[in-house]
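Student: next input, structure requested:
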Amino acid sequence: MPGMNPDIEKERNTATFDPKEFTILWSGGEQLYKEKKILEKLLLDDPELEDPQPISYFSHKELYENSVRKACIVGEKIRKLRADGEDGVNTYNALLGGSLGSAILKEGNPLALHYVMFLPTIMGQASFIFLIVSNYCLMCFLIVLQGTIEQQVEWLSKAWDCEIIGTYAQTELGHGTFLRGLETRADYDAKTQEFVLNTPTLTAYKWWPGGLGHTANHAVVVAQLYTKGEFRGLAPFIVQLRHSDTHEPLAGIDIGDIGTKLGMKGVNNGYLGLKNVRIPLNNMLMKNQQVLPDGTYVAPKNNVLTYGTMMFVRCAIIRDTATALAKASTIATRYSAVRRQSPIDPNQREPQIMDHTTQQLKLFPQIAKAIVFKATGDSFWNLYNVLSGEIEQGNLERLPEMHANACCLKALCSADAAAGVETCRLSCGGHGYMDCSNFPTIYGTTTAICTYEGENTVMLLQTARYLVKVYGHALTGEQLVPTVAYINEALKLQDFVNFDGSLECIVKAFQFVAANKVRVAYEQVDQRRQQGHSTEMAASLSGVFLTSAAELHGRAFLAQSAYTELLAMCKQVSPALADVLMVVLELYLVDACLNRIGDFLRFINLTDEDVTKLEVRLQRCLERLRPNAVALVDSFDLHDRVLASALGAYDGNVYEHIFESAQKNPLNKEPVNASFHKYLKPFMKAHL
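Tutor: Next up, the predicted model:
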């Protein structure tokens, strides 16, 4: 393999800032950066954690078995770190769910849900759950909140050293986001003090839990609870699925793997059917609600903790989307620095494709979004921690606001990230279609976020219901909470005047447009109510207006966050890096504005000249960012094993890596494939 590609080396030499400075900022500080490097060495230098061949050539069965092998090695490393007192929040995050974990298990860790379900409770580390849950989700961490102290001691002592392997079974084949529609039943038998669990129909089968297929031997099963013949609501139950020694499914358990998927193929997502499965009374997790031995039901005081945990995962997902965009934009940007094609001047050498403005427009906004989503995710996570403290004190005032924003940001960031990954893939032409580019895996993982932990349209509708409600409050003169206070301001204005195109003005314009979209949605719902429709039907008939309002609210939130957080970053860093971050901020805001220009024109009196100025500014931002594009993606500090891409390797030797990947193809291990003699030759000779 040759040394550094000269084109990519030139890009690094002409950068105007020190990438290491931004790397440390991106990592969360010097100490976290050092810890990250130690963990990378621990895992990436271990030959046992390498794949014998590219995983795209594995069968589904081989991929699962190889994933379990490596997951157990990672588990042993966790045990050793814990025994040596060297484990911590970032250790678990990196090894099980972060970028480093994805370098080892590219299609997901079949043991991840086990660690998420049980160990966080013992550790008392909410942040540990953070990225792990967002990658494998389905709210498996509810056990943290729903088990009593006695239950935690009993079950977690068994799980600590993996005596049992657990997962979380909530979603069913026929129901996902609509939890009240779940069909799995748990009927209490007071005579034996047992619950009898059943999945009475095919659509009641549990579907999707990670590790359920063949890995876990226990699960937290969410079911409709019945005691004394009365329906009591949803409840979680610990159910043993497989024999502790033979791993054979127990009586009444129908279990297996759901099959291959677009992405996350190694997670071992499974299905589960239950037929008259009996479990002891104590296997119901009873921190919030209880069933007494005689069948008496003690209802929870409130469901706020469940409400808060749903929000918790959605906060975490925002950071995941930033990581996905960082990976995709790094691969595409490095490739674009090396690939030469389509002469601009026929008398000159073919240029780097990154010199084409159209290519810059594909790449650079994705880099900007990665930075903005990371900054927003960090900020929103801090807000969530503050809110958690308020909840503990019984102050629930801002919980609906945070829940609505978490739903909205989850939907927008995941949709933007999935679209951004695809844009980056397309920017790499035909080579981006190859498995060795790693775009198929990155896209498969990223697009999954659009549906897990709340399907995106449902998330937007939840946000919209909140927005319509607070708009009604604003009409009565009530002062709204901070993230929707812009509605109060918009009600005072007849028109948005003096659009000068400044960054602050673009943020204010986003808020004005969002407020008017909420107004339109409110009026549509109200009109249908006046026509005699129920509130629920009025909302259903106004769904398109509601989701559109929620999206603009999210865009306004992201614009404000980008403006606030990146300006704050600029005050912490060198002038050289601050200059680059200001270009990133301007690019993000101008691009976001132009992408919603129809809404801006609808509610703000923009002229043709105003729009043209924005378009010219966008192109100018691309030009200004061009010299630092490679340095910026280098700053994400993504190891080659994390990127796993022939197109995005740090040395820039794209063609050598692509050819090397082709040599690993099992078809190329022999000069003549057996199919020639079996099929091709007889076919070719048949006419003779």
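Student: D254: which element?
Tutor: strand 253-257 (DSSP states H and E).
Student: count of neighbours near S437?
Tutor: 29 (other C-beta atoms under 10 Å). Placement of C-beta: from N, CA and C, glycine included.
Student: skip the chain neighbours and tell me the closest residue to Y335.
Tutor: Among residues not flanking Y335 along the chain, L647 sits closest, at 4.2 Å (C-beta to C-beta, 6 or more residues apart in numbering).
Student: E107 too?
Tutor: G266 (3.7 Å).
Student: distance check, that neighbour against E536.
Tutor: Counting by C-beta to C-beta, to the nearest Å, the gap from G266 to E536 is 41 Å.
Student: about what we covered before: packing partners for the strand holding D254?
Tutor: strand 270-274 (3 or more C-beta pairs under 8 Å, 6 or more residues apart in numbering; DSSP states H and E).
Student: ok, the strand it packs on: who's next to it in the sheet?
Tutor: strand 206-207 (antiparallel), strand 253-257 (antiparallel) (DSSP bridges).
Student: and the following helix or strand past the first one, what other elements does it pack with?
Tutor: Right, the one you point to is strand 206-207. Where DSSP H and E defines the elements, the next helix or strand beyond strand 206-207 is strand 218-227. Judged by 3+ C-beta pairs under 8 Å, 6+ apart, the packing partners of strand 218-227 are strand 166-169, strand 185-189, strand 230-240, strand 270-274.
Student: run the chain-centre distance for strand 218-227.
Tutor: Averaged C-alpha coordinates place strand 218-227 at 27 Å from its chain's average position (C-alpha atoms, centre = their mean, to the nearest Å).
Student: pull out the buried residues from it.
Tutor: Of the residues in strand 218-227, 218-227 count as buried by neighbour count, 16 or more other C-beta atoms under 10 Å.
Student: present these as JSON lines; the columns should include pLDDT and distance to P52.
Tutor: Output for these, formatted as JSON lines (pLDDT from 0 to 100; distance: C-beta to C-beta, whole Å):
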{"residue": "H218", "pLDDT": "92", "distance to P52": "31"}
{"residue": "A219", "pLDDT": "91", "distance to P52": "31"}
{"residue": "V220", "pLDDT": "88", "distance to P52": "35"}
{"residue": "V221", "pLDDT": "93", "distance to P52": "36"}
{"residue": "V222", "pLDDT": "92", "distance to P52": "39"}
{"residue": "A223", "pLDDT": "96", "distance to P52": "42"}
{"residue": "Q224", "pLDDT": "97", "distance to P52": "46"}
{"residue": "L225", "pLDDT": "97", "distance to P52": "47"}
{"residue": "Y226", "pLDDT": "98", "distance to P52": "51"}
{"residue": "T227", "pLDDT": "97", "distance to P52": "53"}
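Student: got these as CSV, with distance to L467 columns?
Tutor: Output for these, formatted as CSV (distance: C-beta to C-beta, whole Å):
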residue, distance to L467
H218, 41
A219, 37
V220, 34
V221, 35
V222, 29
A223, 34
Q224, 31
L225, 33
Y226, 37
T227, 39
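Student: near V518, how many other residues are there?
Tutor: 27.
Student: for the record, mean pLDDT for the helix or strand where it lies?
Tutor: Taking DSSP H and E as the criterion, V518 maps to helix 503-530. Averaged over helix 503-530, pLDDT sits at 98.
Student: how about stretch 170-190?
Tutor: 93.
Student: what sits against L361?
Tutor: 618, 622 (C-beta atoms under 8 Å, 6 or more residues apart in numbering).
Student: what helices and strands are in contact with the one helix or strand K34 maps to?
Tutor: Element membership of K34 [criterion: DSSP H and E] is helix 30-44. Counting contacts by 3+ C-beta pairs under 8 Å, 6+ apart, helix 30-44 is packed against helix 19-27, helix 60-83, helix 89-92, helix 99-104.
Student: so which helix or strand takes in the closest residue to T333 other than its chain neighbours?
Tutor: Computed as C-beta to C-beta, 6+ apart, the closest residue to T333 that is not its neighbour in sequence is V633, at 4.7 Å. Assessed by DSSP H and E, V633 sits inside helix 629-635.
Student: may I see the buried residues of the helix holding V518?
Tutor: 503, 506-522, 524-525, 528.
Student: so what's the gap between it and the chain middle?
Tutor: Worked out by C-alpha atoms, centre = their mean, helix 503-530 lies 28 Å from the chain centre.
Student: and that helix, what does it pack onto?
Tutor: Counting by 3+ C-beta pairs under 8 Å, 6+ apart, helix 503-530 packs on helix 456-475, helix 486-492, helix 535-541, helix 543-570, helix 575-595, helix 597-603.
Student: average pLDDT across the fourth one?
Tutor: Confidence over helix 543-570 (mean pLDDT, whole number) is 98.
Student: how is the protein divided into domains?
Tutor: 46-301, 305-633 (automatic domain parsing).
Student: out of the ones you listed, nearest to H677?
Tutor: H677 lies closest, by C-beta to C-beta, to one member of the domains of the chain: domain 46-301, at 22.5 Å.
Student: quick one: low-confidence parts of the protein?
Tutor: 1, 88-89, 96-97, 116-147, 152, 302-313, 392 (pLDDT under 70).
Student: how far is the helix or strand hosting T612 from where the chain is centred?
Tutor: T612 is part of helix 608-625, with elements assigned from DSSP H and E. Helix 608-625 sits 31 Å away from the centroid of its parent chain (C-alpha atoms, centre = their mean).
Student: make 55 the first number, not 1, from now on.
Tutor: Shifting the count to begin at 55 puts that one at helix 662-679.
Student: that helix to helix 629-649, inter-axis angle?
Tutor: Angle of helix 662-679 versus helix 629-649, following axes from the mean of the first three to the mean of the last three C-alpha atoms, to 10 degrees, is 140 degrees.
Student: about what we covered before: winner for burial among the strands paired with strand 324-328?
Tutor: Of all the strands paired with strand 324-328, strand 260-261 has the most neighbours on average by mean count of other C-beta atoms under 10 Å, namely a mean of 24.
Student: before we move on, back to that, with mean neighbour count as new columns, can the helices and strands packed on helix 84-98 be given to me in JSON lines?
Tutor: Shown next, in JSON lines, are the helices and strands packed on helix 84-98 (neighbours: other C-beta atoms under 10 Å):
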{"stretch": "helix 73-81", "mean neighbour count": "18"}
{"stretch": "helix 114-137", "mean neighbour count": "17"}
{"stretch": "helix 143-146", "mean neighbour count": "21"}
{"stretch": "helix 153-158", "mean neighbour count": "23"}
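Student: can you put those in JSON lines and add distance to G443?
Tutor: As requested, the helices and strands packed on helix 84-98 are exported to JSON lines (distance: least, C-beta to C-beta, whole Å):
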{"stretch": "helix 73-81", "distance to G443": "26"}
{"stretch": "helix 114-137", "distance to G443": "28"}
{"stretch": "helix 143-146", "distance to G443": "18"}
{"stretch": "helix 153-158", "distance to G443": "29"}
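Student: which of the ones you listed sits closest to S396?
Tutor: helix 73-81 (28.7 Å).
Student: got the contact list for that closest one?
Tutor: Contacts of helix 73-81 (C-beta under 8 Å, 6+ apart): 66, 84, 87, 90, 428, 623, 626-628, 631, 634, 685-686, 688-691.
Student: which of these are buried, as a ChimeraX select command?
Tutor: Buried residues among these (16+ other C-beta under 10 Å), as a ChimeraX selection:
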select :87,90,428,623,627,631,634,685,686,688,689,690,691
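Student: if we can go back for a sec, enumerate every residue touching the residue nearest to T387.
Tutor: Taking C-beta under 8 Å, 6+ apart as the test, what V687 contacts is 380, 383-384, 387-388, 421.
Student: hmm, try it at 7 Å
Tutor: By C-beta atoms under 7 Å, 6 or more residues apart in numbering, V687 lies in contact with 383-384, 387-388, 421.
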